[in-house]
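Chemist: Build me a model from this:
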Amino acid sequence: MKSCSILSFIIVLFIVGALHNVAYSQTLNFNVNSTADDQWAFPYDNPDTEVDESSDGICRDSLGRCTLNAAVQEAGNIGENVLINLPGGTIVMVNTLPGLGDGSVIDGHGNSTIEFSGPTSTGLGIGYNGTIKNLTIRNAGQGISAASTMTVDNVTLDNCLMGATFGTNCTIVNSKIKNCQSGILAGDSCTIGEPNKRNYFYGSTGTALAIMGNNVIVQNNYFGLQEDGTTVSANPIGIAIWGMNNTIGGNSSS
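Modeler: Numbers count the residues shown, from 1 in each chain. Predicted coordinates:
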């Protein structure tokens, strides 16, 4: 059982605190090795030890796996940002996925899909200075949400109620936003597409890109065309603009 004397408890706190200062000064790096999201897919704390393993900086559930939920919640328990490397294949989310801390990164390495349970499900959330790249997010109520300074690179948002919502200073490149009811809602100072880093917006049943903020740059994107550049998959509304001082087209037409 988790019982100890006051002295041993103080010693444990001292040691754990010292290890925290040394080990967590840099971003945690978790390599997810399981696509499971079941009743065991959470950080595990062994009741027979004095240390709380659910916040020891090791991604591990009760079956010894590093799942996506275990990785996200372990980082949250510690209060650190984290680099999460996803395995190949599809992670079908059953449980709610908490938001990630500021500065966190999720990398699917080009062969990972996170599939959510439909329009009431929450997708991936990051506070500030986050990056999501090289993966597909499917069937989410909201695929991605971020407060500020978010980078989305080589991400496919597929069949989401809302593809993504960004506060300020977002950058979205090399991505596909397709078959969503609404595509992207962008706040102030977002960059949507760059030279040689095109996005594709198609198959929306509503507005593909809603610009709610000011000083947004939209360039080098295809609206209503699939990746081959010729197959038409129209959006009822391509771009809707509410803000001011926005640039549509830039040096390369959208």
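Chemist: So S104 sits against I78, correct?
Modeler: No. With contact defined as C-beta atoms under 8 Å, S104 does not reach I78; the gap is 11.9 Å. (C-beta placed from N, C-alpha, C; glycine too.)
Chemist: For G89, what are phi and psi?
Modeler: phi 110, psi -170 (degrees, to the nearest 10).
Chemist: Would you agree it is in contact with E115?
Modeler: No. Using C-beta under 8 Å, G89 is not in contact with E115, being 10.5 Å away.
Chemist: Which residue of these two possesses the greater neighbour count?
Modeler: Counted by other C-beta atoms under 10 Å, G89 and E115 do not tie: E115 has more neighbours, with 19 against 11.
Chemist: What is the three-state secondary structure of the more buried one?
Modeler: strand (DSSP: H, G, I helix; E, B strand; the rest coil).
Chemist: residue contacts, it?
Modeler: 90-93, 138-139 (C-beta atoms under 8 Å, 6 or more residues apart in numbering).
Chemist: Residues in a beta bridge with it, which ones?
Modeler: On the basis of DSSP bridges, E115 is bridged to V92, R138.
Chemist: re the thing from before, more neighbours: which of S104 and I78?
Modeler: More neighbours surround S104 than the other of S104 and I78, with 27 against 19 (other C-beta under 10 Å).
Chemist: pLDDT at the more buried one, what is it?
Modeler: You'll see S104 listed with a pLDDT of 94.
Chemist: on that earlier part again, the contacts of E115: which two are farthest apart?
Modeler: The distance between the two most remote of these (C-beta to C-beta) is 11.9 Å, for I91 and N139.
Chemist: Look at those two and report which has more neighbours.
Modeler: Between I91 and N139, counting by other C-beta under 10 Å, I91 is the more crowded of the two (24 against 20).
Chemist: contacting residues around the more buried one?
Modeler: Taking C-beta under 8 Å, 6+ apart, one finds 32, 35-37, 68, 112-115 in contact with I91.
Chemist: which is the next helix or strand following the lowest-mean-pLDDT helix or strand in the chain?
Modeler: Scoring the helices and strands of the chain by mean pLDDT, DSSP states H and E places helix 6-23 at the bottom, with a mean of 37. Once helix 6-23 ends, the next helix or strand along the chain (criterion: DSSP states H and E) is strand 28-31.
Chemist: List the buried residues of that following strand.
Modeler: 28, 30 (16 or more other C-beta atoms under 10 Å).
Chemist: Just give me how far the very next helix or strand once past it sits from the chain centre.
Modeler: Downstream of strand 28-31, the first helix or strand assigned by DSSP H and E is helix 68-78. In terms of C-alpha atoms, centre = their mean, to the nearest Å, the centre of helix 68-78 is found 13 Å from the chain centre.
Chemist: Relative to G76, how far out is the spatially closest residue to A71 that is not a sequence neighbour?
Modeler: Using C-beta to C-beta, 6 or more residues apart in numbering and skipping residues adjacent in sequence, the residue nearest A71 is F30, 4.1 Å away. Per C-beta to C-beta, to the nearest Å, F30 is found 12 Å from G76.
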